[in-house]
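1. Provided below are the primary sequence and the corresponding predicted coordinates.
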Amino acid sequence: MKKSLKLLLIFLCLLGIVLSSLFYFAYHQYYRYLETRKNIRSLERDFEQLRIPLARTTRFYPLPVFWLETGKLYVSRAMAEVEFGDPVKAIPYLEQANQALIRAVQGCPVDYEAFWELSKVYFLYNYPVPVYADKGRKLCQEAIRRHPYNEFINLNVLMVFFEQWPLLEAREKAWVKDRIRIMTGVDAAFIDKLKGRWWAYHRETKTLESRLGELGL
């Protein structure tokens, strides 16, 4: 009995050492990825330098944060193809992003950022045709449910909804109105910040003001 207990303790100690080593190695690769990302000149040219250390993190210690960063990397690579290359070539990157971000959501379902990044995948599928835009908007709403008073996610999600205004159903517009009221209650300058964000992207605010007027805001 004592011998069995000793063997079990030895096994647990060895297991702890192995897991600690894998944890250290995974984070070492993660920080290597972050350092590389700060210094790259071209995402397309240097993609493999980023992908390889990040792939090692999930292989050795698949934490949600590693899956999230993997998803974000593939989303960025897909966006580069959509904006500057061939949208068809973005599809494999979107598939990889989708898989990674689902893992991130499964590992940490309270993290709003994984839902926000996953929404981008569905907005980019079949771009510029908004085939899966409704799915993307639902994921945006899930992101806000997890961090309802976060200014960053509210501003970005509302930008998406106002940009896709002709596609929205009545219940979605009601949700937008409720969101703005909630955020204005937290910060009286929220609508001004939203207009500032709109101006930065579109160089005009008449469109946004018209849509706000439709909501009685």
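-> Arrived safely. Numbering: from 1, shown residues only.
2. every contact and neighbour count from this point should use C-alpha atoms.
-> OK.
3. residue ranges for the strands of this protein, please.
-> With DSSP state E, there are no strands along the chain.
4. shaky segments in it?
-> 1-24 (pLDDT under 70).
5. one more time with 90
-> 1-31, 33, 36-45, 59-62, 83-88, 126-130 (pLDDT under 90).
6. give me the neighbour count for the nearest residue to H147 once chain neighbours are set aside.
-> Counting by Cα to Cα, 6 or more residues apart in numbering, Y112 is the residue found nearest to H147 once chain neighbours are left out, at 6.2 Å. Counted by other Cα atoms under 10 Å, the residues lying close to Y112 total 22.
7. just checking, Y112 touches Y149?
-> No. Counting by Cα atoms under 8 Å, Y112 stays clear of Y149, with 11.5 Å between them.
8. got a list of what A143 touches?
-> Neighbouring residues of A143 by Cα atoms under 8 Å, 6 or more residues apart in numbering: D111, Y112, E113, A114, F115, W116, I153.
9. as a markdown table, those with distance to I144 would be great.
-> Converted to a markdown table, the contacts of A143 look like this (distance: Cα to Cα, whole Å):
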| residue | distance to I144 |
| --- | --- |
| D111 | 10 |
| Y112 | 7 |
| E113 | 9 |
| A114 | 11 |
| F115 | 9 |
| W116 | 9 |
| I153 | 7 |
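10. ok, and the most crowded of these?
-> In those, the most neighbours by other Cα under 10 Å go to A114, 28 neighbours.
11. that one and C108, how far apart?
-> 9 Å (Cα to Cα, to the nearest Å).
12. ok, now E151?
-> The span separating E151 from C108 equals 21 Å under the rule Cα to Cα.
13. what's the answer for G185, then?
-> 29 Å.
14. those two: who's more crowded?
-> Using other Cα under 10 Å as the criterion, G185 and C108 rank with C108 on top: 15 against 11.
15. tell me the contacts of the residue sitting nearest the centre point of the chain?
-> The C-alpha lying nearest the average C-alpha coordinate of the chain belongs to E117 (Cα atoms, centre = their mean; 2.0 Å). Residues in contact with E117 (Cα under 8 Å, 6+ apart) are G71, K72, V75, L101.
16. near C140, how many other residues are there?
-> Neighbour count of C140, defined by other Cα under 10 Å: 26.
17. got the phi/psi numbers for N126?
-> phi 60, psi 20 (degrees, to the nearest 10).
18. that one: what's it in contact with?
-> P87, V88.
19. that one and L68, how far apart?
-> Counting by Cα to Cα - N126 and L68 are separated by 23 Å.
20. now L94
-> L94 is 13 Å from L68, by Cα to Cα.
21. again, but for T205
-> For T205 relative to L68 (Cα to Cα), the value is 33 Å.
22. the more surrounded of those two?
-> Comparing T205 with L68 by other Cα under 10 Å, the one with more neighbours is L68, at 25 against 16.
23. hang on, that one packs against F115?
-> No. Using Cα under 8 Å as the test, L68 is too far from F115 to be in contact (9.7 Å).
24. many thanks, I have nothing further to ask.
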